[in-house]
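Undergrad: Okay, here's the prediction I keep looking at, along with the sequence it came from:
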Amino acid sequence: MENRLYPKEGEVFEMTGDFNVNTPEKLIKVLGRTENCEYEGTPLTGIQTAKFKLQRAGGFDAGSVRCYIQKNFGEPARGQWILVFKENFPFHDNHWSIGCADESWRSKSPANSNGVLVIGTKKGAIHLEYEGDNFSSREYMWLVLVE
């Protein structure tokens with residue numbers, strides 16, 4: 001697989017995802033949390049192509065990050081797009097955590113709260129960060145849909 005670098009902040013790029021394959025259930029398996037995690041949203045289905053950009057945003061919790069993104073940049077990407085991003089950009093840049101500000105993911109244990117999906121900087125693995133976590137704009141870039 002090609003070693004593609006992460007897009008720069010604000011750079012528009014396109015991705016195509018097969019959401020008959022990249023289902024919420026697959027994401028939960030990727031998280032390794034099949035007994036502890038559930039999806040509470042409406043899943044994306046079929047093959048979809050969309051344009052995106054990465055934007056830095058921070059906030060006291062995931063809800064404030066989502067509101068900031070909506071006010072300043074556009075619609076935050078739904079969580080299932082994180083798998084497509086990881087497929088398109090499999091080699092982490094070891095600088096930014098990349099997230100989807102979609103709070104449709106619930107961890108039953110240990111937090112019993114909603115969270116957002118993030119590709120972390122330490123191992124480049126997709127994981128769930130909880131609703132109450134503090135998100136620094138120095139550490140996070142968020143996947144945003146471009147109209």
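TA: Sure, I can see it.
Undergrad: what's D102 sitting at in phi/psi?
TA: Backbone torsions for D102, taken as degrees, to the nearest 10, come to phi -120, psi 110.
Undergrad: centroid residue for the protein?
TA: Ranked by distance to the mean C-alpha position of the chain (CA atoms, centre = their mean), the top residue is C100 at 2.7 Å.
Undergrad: Where in this protein is the helix or strand with the lowest mean pLDDT?
TA: Here the helix or strand of the chain ranked lowest by mean pLDDT, DSSP states H and E is strand 126-130, holding a mean of 77.
Undergrad: Next, count neighbours for S107.
TA: Residues lying near S107 (other CB atoms under 10 Å) number 19. Bear in mind the C-beta positions are built from the backbone N, C-alpha and C, glycine included.
Undergrad: cool, and L5?
TA: By other CB under 10 Å, the residues close to L5 number 8.
Undergrad: contacting residues around it?
TA: Residues near L5 by CB atoms under 8 Å, 6 or more residues apart in numbering: 89, 91, 93.
Undergrad: I'd say the last one and Y6 touch.
TA: I take that to be D93. Yes. At 4.6 Å, D93 counts as touching Y6 under the criterion of CB atoms under 8 Å.
Undergrad: surely the residue nearest to the centre of the chain meets L145?
TA: No. Assessed by CB under 8 Å, C100 is found out of contact with L145, at 10.4 Å.
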